[in-house]
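> following is a predicted model, sequence given first.
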Protein chains: 2
Amino acid sequence: MKAIGAKTQQSGSNQSNLVDFEIKKPQAKGHDLLVKIAAVSVNPIDIAVRKQLKADLPQPKILGWDAWGIVEEIGSAVELFQPGDRVFYAGDYRRSGSNADYQLVDERLVAHAPEKLSIAQAVAMPLTSLTAWEALFEKMGLSPEKKYSNQTILIINGAGGVGSIAIQLAKMVGLQVIATASRSETKNWAQKMGADIILNHRRSLPEQLFNNGQKSVDFILGLSDIDGHWGEIAEMIKPEGRIVSITGNQHPLDLGLLKSKSVTFAWEWMYTKSFYQLPTMITQHQILEKVSQLLDQGILHSTLKQTLHSLNADVLEQAHQMIASNRSIGKIVICK
Amino acid sequence: MKAIGAKTQQSGSNQSNLVDFEIKKPQAKGHDLLVKIAAVSVNPIDIAVRKQLKADLPQPKILGWDAWGIVEEIGSAVELFQPGDRVFYAGDYRRSGSNADYQLVDERLVAHAPEKLSIAQAVAMPLTSLTAWEALFEKMGLSPEKKYSNQTILIINGAGGVGSIAIQLAKMVGLQVIATASRSETKNWAQKMGADIILNHRRSLPEQLFNNGQKSVDFILGLSDIDGHWGEIAEMIKPEGRIVSITGNQHPLDLGLLKSKSVTFAWEWMYTKSFYQLPTMITQHQILEKVSQLLDQGILHSTLKQTLHSLNADVLEQAHQMIASNRSIGKIVICK
């Protein structure tokens, strides 16, 4: 089968290290599905993994952590799917990604794709929906079944992939949503996603919050530059509030700033469950099934912004460069 | 009325700065109760506040954040109590403490004292029970009504005041409890409180955990030296686990160690609710009423270890020195 992989970069080289190559089509065993890929989306994790490739790779590393496809074969232990099912998923960080004709994926990470969305609209959603859902409904302790009309969440970087769906999920449970964005396109996008108030993350957030009649917020979701925003986050979070970050820190974060307020801080990395093969892996199947329904019901909307065509090394390079610019809005998708 | 206060310490002086003094008996207004104090207990917070007194105190600072007493007067807004009620509470960090004949306290922080315990047994409990309860049932997300028989909590420093009741609360909800202690008296005490396994916090905790057949734990409650134990905590916590600490850090804690495991870290400071006058203040009334019932039902047991008599500056100095030695076990109480 055809696949696109990343080779170890020669030091100092400016050439793309993405290559089209041929590899043996894999077989489904155990809980695995063999999925024929129709479309993928790109995420910052692709760039991060591409940068960290080891020098002695036996073959190019197949990236890609979002897929829409049709189940072609199932392993003997599979219970949730059958051949012919149309599925979408984010997959497993440790395994080969979706930039290929076929991919193996554990059924516990997969859901039936939404029926009323186009393939491009659907494939934009798995990784970011899982991340935002786990951040809000597992790490922040909110319930997707309840309403929180007197509470406020601040989403730092509201117009990116995760921010775009996090805004929608937060609105779904009735939170007041304050999102940050710095350009007119990103501000408009975050508003379109449902944000009630937009702040500019290039200026003082506490000052702008205050000018909007508020001093503090119940929840903060950090999706960008946790180091740069930490002092502001500690200032704006309410006593007993909850902070979740998906982006790591480069410098020590002063946790002591949160102590007298008894604040909770949680990391959200959507790949923890599959990376450690936790019993909670099955919850990713459940979350994606729920997201699929909510998309079909029109309660959630696709965050697709741009569709590229032909999944090959050149087009993938183009998509990666759009992500790496840190200026992309919503999601970028590649259809075969 | 009589009170005991702490005066600003002359620099270089070794003399006790605790003094007996006279002060006007206060009056109850609003939600306040005026309580006639019968007994108090001492806590590390007394030592911390005593060390941080400002130079220009208008009068000696009345310490003491645990009390058992009888309601003498009620403010006009009081709904939960009436004169003559026997109550216990930890009170409010910002206000005058319990080391006096009478004390004002907001009714939302107070509960009816347990009926089947002696005054000394009861007054040992409020501050530590509130801290342990909030740590387990608010910050760790456990429910006091559920059972967690397949999960494990590690309590670092199990024989102190908070550790002694945290062990009992964790056993109450069916957790396996691993507590740390370093001396034979503290090991025996932690076992008496219900700990299943004792590790020595002066040696490698991950190594001892492994020798007990386990590699990791679901929950960690840090009650001592969070700096010194941070690396071990990050190593032992399970993916998606929860860490709560009541003791602050002196050095930056490397939060990044917890990222790939998507771990949650929370501070627990029992005074947050009253310090910030949060709507959740009323939960301290509710928690203490529940603790009072559980003590009367024999489900929880007093952590009283030692009772001193006569509440005056000399006896209080003696009690503070026992706390400051970091060798005290369970709780020290002073009855009038």
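Nice, thanks for sending it over.
> next up, the contacts around the residue nearest in space to the middle of chain A.
Most central residue of chain A, judged by C-alpha distance to the mean C-alpha position with CA atoms, centre = their mean, is residue A:128 at 2.5 Å. Contact partners of residue A:128, counting by CB atoms under 8 Å, 6 or more residues apart in numbering or on different chains, are A:43, A:161-162, A:164-165, A:303, A:331. Where you see a C-beta, it was placed from the backbone N, CA and C, and this is true even at glycine.
> now residue A:44: closest residue in space that isn't a chain neighbour?
When the adjacent residues along the chain are set aside, residue A:44 lies closest to residue A:323, with 6.0 Å between them (CB to CB, 6 or more residues apart in numbering or on different chains).
> and the one you found, how close does it get to chain B?
Spatial separation of residue A:323 from chain B under the definition CB to the nearest CB, to the nearest Å is 21 Å.
> near chain B, which residues of chain A?
Chain A comes close to chain B at residues A:134, A:138-139, A:141, A:239-240, A:248-249, A:252-256, A:258-269, A:272-273, A:275-276, A:278, A:280, as judged by CB under 8 Å from any CB of the partner chain.
> what's the average pLDDT for the helix or strand hosting the residue nearest to residue A:44?
Counting by DSSP states H and E, the element that carries residue A:323 is helix A:313-324. Helix A:313-324 comes out with an average pLDDT of 95.
> what does stretch A:170-187 give?
The predicted model gives stretch A:170-187 an average pLDDT of 97.
> quick one: end-to-end length of it, please.
17 Å (CA to CA, to the nearest Å).
> again with stretch A:105-125
For stretch A:105-125, the separation between the terminal residues is 17 Å (CA to CA).
> how far off centre is that stretch?
What separates the centre of stretch A:105-125 from the centre of its chain is 14 Å, taken as CA atoms, centre = their mean, to the nearest Å.
> now stretch A:132-152
Going by CA atoms, centre = their mean, where stretch A:132-152 is centred and where its chain is centred differ by 17 Å.
> helix, strand, or coil at the residue nearest to the centre of chain A?
Local secondary structure at residue A:128 is given as helix here, using DSSP: H, G, I helix; E, B strand; the rest coil.
> from residue B:16, how far out is the closest residue to it other than its chain neighbours?
In space, and not counting its chain neighbours, residue A:128 is closest to residue A:161: 4.3 Å by CB to CB, 6+ apart. In this structure, residue A:161 and residue B:16 are separated by 62 Å, where distance is defined by CB to CB, to the nearest Å.
> who has more neighbours out of those two?
For residue A:161 versus residue B:16, the count of surrounding residues by other CB atoms under 10 Å in any protein chain shown is larger for residue A:161: 29 against 16.
> so the more buried one is in contact with residue A:43, correct?
Yes. Between residue A:161 and residue A:43 there is a contact under CB atoms under 8 Å: 6.4 Å.
> so what sits against both of the two?
When CB under 8 Å, 6+ apart defines a contact, the residues bordering residue A:161 and residue A:43 alike are A:127-128.
> next, the distance between the ends of stretch A:180-199.
Stretch A:180-199 has an end-to-end distance of 5 Å (CA to CA).
> ok, and what's touching that stretch?
Identification of contacts with stretch A:180-199 by CB under 8 Å, 6+ apart yields A:154-159, A:163-165, A:167-168, A:170-171, A:176-179, A:200-202, A:205, A:208-209, A:212, A:301, A:303, A:305, A:327, A:329-330.
> so which of those belong to helices?
Using DSSP state H to define helices, the subset of the contacts of stretch A:180-199 located there is A:163-165, A:167-168, A:170-171, A:205, A:208-209.
> pull out the buried residues from the residues you listed.
Of all those considered here, the ones buried according to neighbour count by 16 or more other CB atoms under 10 Å in any protein chain shown are A:163-165, A:167-168, A:170-171, A:205, A:208-209.
> how about TSV for these, with distance to residue A:34 added?
Below are these laid out as TSV (distance: CB to CB, whole Å):
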residue	distance to residue A:34
A:163	33
A:164	31
A:165	28
A:167	35
A:168	32
A:170	36
A:171	37
A:205	47
A:208	50
A:209	50
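> which residues touch the residue nearest to residue A:128?
Residue A:161 makes contacts with A:43-44, A:124, A:127-128, A:303, A:328, A:330-331, as judged by CB under 8 Å, 6+ apart.
> among those residues, which are located in strands?
Among the contacts of residue A:161, the subset assigned to strands under DSSP state E consists of residue A:331.
> can you give me the helices for chain A?
A:44-51, A:119-123, A:126-134, A:161-172, A:184-193, A:205-211, A:226-236, A:272-275, A:282-296, A:313-324.
> between those, which gets nearest to residue B:92?
Put simply, out of the helices of chain A the one that sits nearest residue B:92 is helix A:226-236, at 23.6 Å, with distance taken as CB to CB.
> what is that closest one packed up against?
Of the remaining helices and strands, those touching helix A:226-236 by 3 or more CB pairs under 8 Å, 6 or more residues apart in numbering or on different chains; DSSP states H and E are strand A:152-156, helix A:205-211, strand A:217-222.
> list the buried residues of the helix holding residue A:323.
Taking 16+ other CB under 10 Å as the neighbour-count basis, helix A:313-324 is seen to contain the buried residues A:313, A:315-316, A:319-320, A:322-323.
> got a list of contacts for that helix?
By CB under 8 Å, 6+ apart, the residues outside helix A:313-324 that reach it are A:4, A:16, A:18-20, A:42-44, A:46-47, A:50, A:99, A:306, A:308-309, A:328, A:332, A:334.
> only whichever of these are buried, select them in ChimeraX.
In ChimeraX, the members of the contacts of helix A:313-324 classed as buried (16+ other CB under 10 Å) are selected with the following command:
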select /A:4,16,18,42,43,44,46,50,99,308,328,332,334
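> can you pull the contacts of whatever residue of the stretch 101-250 of chain A ends up closest to chain B?
Sorted by distance to chain B under CB to the nearest CB, the residues of the stretch 101-250 of chain A start with residue A:239, at 4.2 Å. With contacts defined as CB under 8 Å, 6+ apart, the neighbours of residue A:239 are A:260-263, B:272-273, B:275-276, B:278.
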